[in-house]
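Participant: next comes the sequence, and after it the predicted model I'd like to discuss.
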There are 2 protein chains.
Amino acid sequence: MENFKEYYAWLQPGPVGCSASCSPMRPGRGVSLREVCVHGSEQADFAARELRGGLNWLAGQNICDENSGYKITLGLDPGIQAQGYRINGDGNGSFITGADREGLIYGVFAFLGKVGMGEDLPGISAESAPVVRKRILNHWDNMDGSVERGYSGKSLFFRDGRFCYDPSRMKDYARLLASVGINELSINNVNVTDASARLITPELLPEAAELAAIFRPFGVRLILAVDFESPVKLGGLNTADPLNGEVAAWWKNAARVVYDYIPDLAGFVVKADSEFRDGPAALGRTQADGANTVARALKDFGGTVYWRCFVYNCRQDWRDAKTDRPKAAFEHFYPLDGTFDENVVLQIKNGPVDFQVREPVSPLFGRMKHTKQAVEFQITQEYTGQQIDLYNLAVQWEEFFAAPISEHRLARDIMGKEAAAIAGVANTGCDGNWTGHLLAQANLYAFGRMAWDPGLTAKQVTSEWVCRTFGKNTEFDAITGMMLASRGVYEKYASPLGLGWMVNINHHYGPSPEGYEYMKWGTYHRADNTAVGVDRTAKGTGFAGQYEPWLEALYSDVKTCPEELLLFFHRVRYDYRLKSGKTLLQHIYDTHFEGAAEVQAFMDIWDSLKGRLPQGAYESVADRLKRQLQNALEWRDVVNAYFYRKTGVGDEMGREIYG
Amino acid sequence: MENFKEYYAWLQPGPVGCSASCSPMRPGRGVSLREVCVHGSEQADFAARELRGGLNWLAGQNICDENSGYKITLGLDPGIQAQGYRINGDGNGSFITGADREGLIYGVFAFLGKVGMGEDLPGISAESAPVVRKRILNHWDNMDGSVERGYSGKSLFFRDGRFCYDPSRMKDYARLLASVGINELSINNVNVTDASARLITPELLPEAAELAAIFRPFGVRLILAVDFESPVKLGGLNTADPLNGEVAAWWKNAARVVYDYIPDLAGFVVKADSEFRDGPAALGRTQADGANTVARALKDFGGTVYWRCFVYNCRQDWRDAKTDRPKAAFEHFYPLDGTFDENVVLQIKNGPVDFQVREPVSPLFGRMKHTKQAVEFQITQEYTGQQIDLYNLAVQWEEFFAAPISEHRLARDIMGKEAAAIAGVANTGCDGNWTGHLLAQANLYAFGRMAWDPGLTAKQVTSEWVCRTFGKNTEFDAITGMMLASRGVYEKYASPLGLGWMVNINHHYGPSPEGYEYMKWGTYHRADNTAVGVDRTAKGTGFAGQYEPWLEALYSDVKTCPEELLLFFHRVRYDYRLKSGKTLLQHIYDTHFEGAAEVQAFMDIWDSLKGRLPQGAYESVADRLKRQLQNALEWRDVVNAYFYRKTGVGDEMGREIYG
């Protein structure tokens, strides 16, 4: 029997999950679910089965499913915007209508979600279509079963060099992704290994096709991460030069083989010329040469190339203060605007560096007018607490969408336009609760919801997740509250004001203020005894000049620069007065004491809910919060000691700093 | 045919080694080697074969070996001090006499060495016996073939979980160790794994016995590193408590099995209660309880337990300024003086911390009067350049032996007395030249020679190695010179004046001034904007009080403390004036500029020898020096920038520091 509980206790099966009997969700009271029956045309078969299964689970028994009682009719209406749906109803029945099969599935999940949140069936009414058509989850899973930057157990797909999964759990996963509108899924790490490079060969394609078949009915199409060097490594050619005819032919043939097995593959994602991986630049070609050659191989099959823009000098000399890593992506890609084929999408990280707690929007957004783009978010919490610390990413994403990219446009305004896609690096794995930290489920939930509609607020999607997971109960507003506060709290105890990178090297958890200071990664804050930060204005590295003039001016003036980005754009003396009237140094001390104290407050909130939450869920989160407090104290004391030792100036309030 | 070239081109076979034809060594001119013959009693058979082989190789053809010409007679004389030998000769022949089989082997190698260095056979005369009876090489080899802190390729003994070696090369290795007087050899890492724990079981003992048989005729006895938890892990007991009767019985039985296979096993080496490994303290027992229980199992078989004293809190809170890692070994072991069994040897690192470039002598030496001790040196260059940078350890060891341990005694004075053994962590591996850096061979050479006679100077053993490796040529004095200078040069560009630990974490190569500053390893320099270093006098952590009062006073007074240890014992302001008249800060700048410049001078010296050295040897070392220069520049600039950023005070000479 299939496991339908993911509909309601969202993403929450396994050890800490609710059993049906403890499900906090209650169906609406107006219509008894026992009397419901589901109807639909042949095309609606799959959606109808999903709806019945969900309602059965909600009802705690099989619904009647005969021609009597309350009738839910499923159908298609090509007049609705692609992938969209419409739900309405009256006293006798409800109608769920999709623009297409995908839209119908989304409509069914939307309907089930509302039933689960306690709405009366006849009153359920909705109409929605996605703003962004490609909503992509990127797994960084390796075929040995490890997950790069994964904090939720082993890979859902691979083990020991082969595909390896429980088909029933995989179907749960497909349903779960569809339930939040994700419709494309890359399964292997963009750091392609010799093993995973072979995913596009007949050796592994049969198994890849089996996996694709599980996701297909849910409207989720697979993507494969491929190695730019494949023509050499797999094809035995002596070059991967994209302008070489044999190379182009190799890609065309490779694509033909792949699409024989997976006719609806969404495409390939490529990390090239990046972090010790070869790419077109290494061969004297442009990124467009590289991307277009692969894209032309996929074109006839309707495939897309997602070409990552994470290109920078990872062998930088720290002495070199002119080279500035945030400038790299723009410098590499902006000059090529308009030269990419139609089925190339440039996949650009949200900020110009690398998923730090606080970064400005990448200057490529809005400046590239003639190239399809994807925003890449990191759902997995590499730099944001690694699913030990609570960190609600919806808050960060809301800020991203609301950030100006020019005088008259916000990042949100290009979504569904230049930004043809939104991708997120997955935070899921084989842990029982999918995401390690139970509350980190909300980040995957929010990702799907906000990719569908970038106008949604963090508060909306977070409270929705809390309600769908723990139940409708005003007491649980406290959970929503602490989740919404969590990003700010983490930011307070981590590196200050957009500085970033004060993390331990390699694993990136916990503080090491100079861990990356003298390394080759282009990640320098250059703190000395009087000041900290890098001047990225025209007087400094000039990074700010990559934005449109209005925005450059905003960032370049220390008075108008958003204060939370102050140390990203400016080098500032410790005695500089912030808008609060505090010195920069005192601000650092204050925020770090506050941040750790606020984690303690989270623990108190969570404790106050003991007994009102499933015990497993309570304990699991309580344990993470305890570990988070340790981390917050470590961050607090290390960062404070670090700046104290630089300056010799203590805390005005006399709190303990370890000199 | 056996490969005898290790006698002369010492340790130098493989890709960069000399062929016989380019051998820089020439036999003496007085007696033609063609006329030599070797005689000896049955007991001298093996030694005679070794001597013939060596002479054949030196002569470039078989020596006559009949009853005519120049006769070398081998024999035993129990009147000579154990393991010792005597060599003398006249016009008609030479006599090599050993106290025992081992002594005879050492005599033969001493004789061959002198022949190789150009001495005339009749004039060769020597008498020597080791000061320290146990001269031990510790391999940190894992059974998967990796070598912990190894910089010379894979393990000589193991691969993929099994024994794996070329018996002929292993015989070369045995000869090579014997030729410098090493007589005990532990083959597996003291960080015992589940795999290597099984070395004391019948599963692996047959192969261990085969290996022992290769080393046996050379007078080298094996040691096995064992897991203190073996009674649990191998024996299935529910405790490893050394006072538990079943545990003691388990060890006795295990020893019986081991000695069935290897009757002359020298013993076990144990790392317990150290760096996340369990030990007696974890069970509420003393180190003596632990060591004695294992020792009693070995006693009947003549085995020794080498019990390492590397016990400290590796989970220290950096905020805790009272706990001071250098104090740990003394605190754990000094109170137990006199409670260890006769066949326990406490193996104590040379300094109180962990093989840093500059440390004082461990305070355990000289203070423990009633316990057998072994000095543990690290031949492999973990913190001293990893066989990329040239670092002649003989200089450091000479300093060690010459350092006072009380008002009237030097460390040298307890060698062969309380210090019953000297152990070194091996720097050898499967690299063609054994040690990665060709010149790092000299460190193994020096280790053996100085363990035999701690009165030897670095200059003696280094020039000996240079002569035996490259030939007798005054031009090569420049090599000796740069090798003798190398420790000081490295020290100049690394962390200053005994501070230590400014290395990159985990791998320990290259600079990271605060890499370990906030970690759990007890390794803190606590640099701030005015001062650096830890006060270890009675006013500080009190570490200096572990020495005898005279020495404590010496170290505790900033005026009498040896300046090279200044920052080990004291917290000093950057504007403190050193004996040179320079401020501490300017001293740091100066030494760092000098250190890097001196590496450049090494390169010039080496270049000047091009054509006079075998091309492979020339190129191999030239390549390492190039890499060393990069490292030296990195150290120079990072350390200088680090202190400049702390103080805001620049170099008096205006040289470039990267702020």
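Facilitator: Arrived safely, thanks for sending. Computed from a predicted structure; not experimentally measured.
Participant: what residues does whatever residue of the stretch 101-250 of chain A ends up closest to chain B make contact with?
Facilitator: When distances are taken as Cβ to the nearest Cβ, the stretch 101-250 of chain A approaches chain B most closely through residue A:144, which lies 16.2 Å from it. In this view, the C-beta of every residue, glycine as well, is placed from N, C-alpha and C. When contacts are counted by Cβ atoms under 8 Å, 6 or more residues apart in numbering or on different chains, residue A:144 is found next to A:158, A:159, A:160, A:161, A:195.
Participant: cool, and residue A:46?
Facilitator: Residues A:101, A:105, A:217 are the ones in contact with residue A:46 under the rule Cβ under 8 Å, 6+ apart.
Participant: could you rerun that using 10 Å?
Facilitator: Residues in contact with residue A:46 (Cβ atoms under 10 Å, 6 or more residues apart in numbering or on different chains) are A:40, A:74, A:101, A:104, A:105, A:108, A:216, A:217, A:218, A:219.
Participant: and residue A:373, how many neighbours?
Facilitator: The local packing count at residue A:373 equals 26, with neighbours defined by other Cβ atoms under 10 Å in any protein chain shown.
Participant: just checking, it touches residue A:414?
Facilitator: Yes: if you go by Cβ atoms under 10 Å, residue A:373 and residue A:414 touch, sitting 7.7 Å apart.
Participant: shared neighbours of those two, anything?
Facilitator: Contact with both residue A:373 and residue A:414 is made by residues A:365, A:366, A:420, according to Cβ under 10 Å, 6+ apart.
Participant: where's the dip in pLDDT among those residues?
Facilitator: Of all the shared contacts of residue A:373 and residue A:414, the one the model is least sure of by pLDDT is residue A:366, with 88.
Participant: from chain B, how far off is that one?
Facilitator: From residue A:366 across to chain B, the span is 35 Å (Cβ to the nearest Cβ, to the nearest Å).
Participant: residue A:294 now?
Facilitator: With distances taken as Cβ to the nearest Cβ, residue A:294 is found 37 Å from chain B.
Participant: how about that residue, what does it touch?
Facilitator: With contact taken as Cβ under 10 Å, 6+ apart, residue A:294 is in contact with A:226, A:228, A:230, A:242, A:247-248, A:251-252, A:254-255, A:267-268, A:270, A:272, A:303, A:305, A:307, A:341, A:343-344.
Participant: can you list the residues of chain A near chain B?
Facilitator: For chain A, the residues in contact with chain B under the definition Cβ under 10 Å from any Cβ of the partner chain are A:317-321, A:504-506, A:510-519, A:526-530, A:532, A:633-634, A:637-639, A:641-642, A:644-649, A:656, A:658-659.
Participant: go again using 7 Å as the cut-off
Facilitator: Remark: the part of chain A in contact with chain B comprises A:319, A:505, A:511-515, A:518, A:527-530, A:637-638, A:645-648, A:658-659, using Cβ under 7 Å from any Cβ of the partner chain.
Participant: report the buried members of the residues you listed.
Facilitator: Neighbour counting by 16 or more other Cβ atoms under 10 Å in any protein chain shown classes A:505, A:511-515, A:518, A:527-529, A:637-638, A:645-647, A:658 among the residues of chain A next to chain B as buried.
Participant: strands of the stretch 551-659 of chain A, start to end?
Facilitator: When secondary structure is read from DSSP state E, counting those that start in this stretch, the stretch 551-659 of chain A shows strands at A:572-573.
Participant: mind listing the helices for it?
Facilitator: Across the stretch 551-659 of chain A, reading from the start of the chain, the helices by DSSP state H, counting those that start in this stretch fall at A:566-569, A:584-608, A:615-647.
Participant: would you turn those into TSV with mean pLDDT?
Facilitator: What follows is these, written out as TSV (pLDDT from 0 to 100):
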stretch	mean pLDDT
helix A:566-569	98
helix A:584-608	98
helix A:615-647	97
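Participant: okay, these in a markdown table with distance to residue A:114 next?
Facilitator: Formatted as a markdown table, the entries for the helices of the stretch 551-659 of chain A read as follows, by distance: least, Cβ to Cβ, whole Å:
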| stretch | distance to residue A:114 |
| --- | --- |
| helix A:566-569 | 41 |
| helix A:584-608 | 28 |
| helix A:615-647 | 23 |
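Participant: and residue A:40, what pLDDT?
Facilitator: Each residue has a pLDDT score; the one for residue A:40 is 84.
Participant: in what helix or strand does the closest residue in space to it that isn't next to it in sequence lie?
Facilitator: Nearest residue to residue A:40 in three dimensions, chain neighbours excluded: residue A:74, at 3.3 Å (Cβ to Cβ, 6 or more residues apart in numbering or on different chains). With elements delineated by DSSP states H and E, residue A:74 resides in strand A:70-76, which encompasses its position.
Participant: what pairs with that strand, parallel or antiparallel?
Facilitator: Using DSSP bridges, strand A:70-76 pairs in its sheet with strand A:36-40 (parallel), strand A:93-98 (parallel).
Participant: hey, C-alpha coordinates of the first one in CSV?
Facilitator: What follows is the C-alpha trace of strand A:36-40 in CSV, where atoms were taken according to Å, rounded to 0.1, in the frame of the first residue of the first chain:
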residue,chain,number,x,y,z
VAL,A,36,-16.8,12.0,-1.7
CYS,A,37,-16.3,10.4,-5.1
VAL,A,38,-13.8,11.3,-7.8
HIS,A,39,-14.5,11.5,-11.5
GLY,A,40,-12.4,12.4,-14.5
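Participant: how close does residue A:641 sit to residue B:527?
Facilitator: Computed as Cβ to Cβ, to the nearest Å, the residue A:641 to residue B:527 distance reads 11 Å.
Participant: can you give me the pLDDT of residue A:188?
Facilitator: The confidence metric pLDDT takes the value 98 at residue A:188.
Participant: now residue A:419
Facilitator: What the model reports as pLDDT for residue A:419 is 96.
Participant: phi first, then psi, for the residue nearest to it when sequence neighbours are not counted.
Facilitator: Closest residue in space to residue A:419, ignoring its immediate chain neighbours: residue A:373 at 5.0 Å, by Cβ to Cβ, 6+ apart. The phi and psi torsions at residue A:373 (degrees, to the nearest 10) take the values phi -130, psi 150.
Participant: ok so, going back, which residues sit against the following helix or strand past the strand holding residue A:74?
Facilitator: Stepping forward along the backbone from strand A:70-76, the first helix or strand reached (DSSP H and E) is strand A:85-90. When contacts are taken as Cβ atoms under 7 Å, 6 or more residues apart in numbering or on different chains, the neighbours of strand A:85-90 outside the stretch itself are A:80, A:94-99, A:103-104, A:106-107, A:110-111, A:121-122, A:124-128.
Participant: ok, 10 Å please
Facilitator: Taking contacts as Cβ under 10 Å, 6+ apart, the residues outside strand A:85-90 that touch it are A:31, A:47, A:70-77, A:79-80, A:94-100, A:102-111, A:114, A:120-129.
Participant: and those, which are buried?
Facilitator: Burial of the contacts of strand A:85-90 was assessed by neighbour count (16+ other Cβ under 10 Å); the buried members are A:31, A:47, A:70-76, A:80, A:94-100, A:102-111, A:114, A:121-122, A:124, A:128-129.
Participant: skipping its backbone neighbours, what lies nearest the residue of the stretch 251-400 of chain A found nearest chain B in space?
Facilitator: Among the residues of the stretch 251-400 of chain A, residue A:319 lies closest to chain B, at 4.6 Å counting by Cβ to the nearest Cβ. Ranked by Cβ to Cβ, 6+ apart and with sequence neighbours excluded, the top spatial neighbour of residue A:319 is residue B:658, at 4.6 Å.
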